[in-house]
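Enquirer: My questions concern the predicted model and sequence given below.
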Amino acid sequence: MLNSLPISWISFGALLRREIARFMIINRQTIFPQIITTTLYILIFGFSLGSQIKHIQGFPYIEFILPGLVLMSVITSSYNNASTFLFSARYDYSIQDVLLTPLSYFQMIVAFTLGSMIRGLIVGLLVLSTGVFLLKLKIFSIGIVFLFLILTSQIFVSFGLLIGLWADQWDDLWTFISYVVTPLIFLGGTFYS
């Protein structure tokens, strides 16, 4: 089977596996903090504040904020993975190793994008599972959930790659988070209608 694949697709698979292994090895830093943070949001905003707010558009407050919390974790995980990987690879010149492989630029970008999307999707699904478990919710359309998770992850991975290429110092990576993502989260209706 491997003999029938062109060398560039074997290299593509290796790069994708490396990207996934890179964040899975340090999952206590890349995956679990998002779940803990979202669980705290559920406990603080959902139960404490939610007891003061009865319903928003016919839904209990905690059920109303859960989709926003899931997307918030997907956005931050996807963006952080793509931007920090690319910037750190440029910073320590390890990007040279990737550029010397027999991959086209398109294959490199797709491998980086898929690796970061997988992290965002893993975090999003774990946060969603935690919310569903804690709140005993039903999901009405798993297809729409996956569609939104995939599209959101892909959009913010793309932003992360662009910012990772543009940034000249570590502080530049957080400019996008500070001036775009945080206002979107807090003003975009995650916590209110």
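Expert: Great, that's in hand. Numbers count the residues shown, from 1 in each chain.
Enquirer: Just the buried positions in the helix or strand encompassing Leu40, please.
Expert: Assigning secondary structure by DSSP states H and E places Leu40 in helix 32-41. Neighbour-count burial for helix 32-41 flags Gln34, Ile35, Thr38, Thr39, Tyr41 (criterion: 16 or more other C-beta atoms under 10 Å). No exception for glycine: its C-beta is placed from N, CA and C like everyone else's.
Enquirer: show me what contacts the fourth one?
Expert: It stands for Thr39. Under the criterion of C-beta atoms under 8 Å, 6 or more residues apart in numbering, the contact partners of Thr39 comprise Thr130, Leu134.
Enquirer: can you do 7 Å?
Expert: Shown in contact with Thr39 (C-beta atoms under 7 Å, 6 or more residues apart in numbering): Thr130.
Enquirer: next one: the second one
Expert: For Ile35, the contacting residues are Leu126, Val127, Thr130, by C-beta under 7 Å, 6+ apart.
Enquirer: I'd assumed the second one was in a strand, is it?
Expert: No: under the criterion used here (DSSP: H, G, I helix; E, B strand; the rest coil), Val127 is helix, not part of a strand.
Enquirer: That one reaches Met72, doesn't it?
Expert: No: judged on C-beta atoms under 7 Å, Val127 makes no contact with Met72 at a distance of 8.7 Å.
Enquirer: Show me what secondary structure element comes after the helix or strand harbouring Leu162.
Expert: Element membership for Leu162 (DSSP H and E) is helix 142-166. Reading on from helix 142-166 to the C-terminus, the next helix or strand found by DSSP H and E is helix 170-176.
Enquirer: For the helix or strand that comes right after that following helix, what is the distance to the chain centroid?
Expert: On the C-terminal side of helix 170-176, the closest following helix or strand by DSSP H and E is helix 182-187. Mean C-alpha position of helix 182-187 versus that of the full chain (C-alpha atoms, centre = their mean, to the nearest Å) differs by 16 Å.
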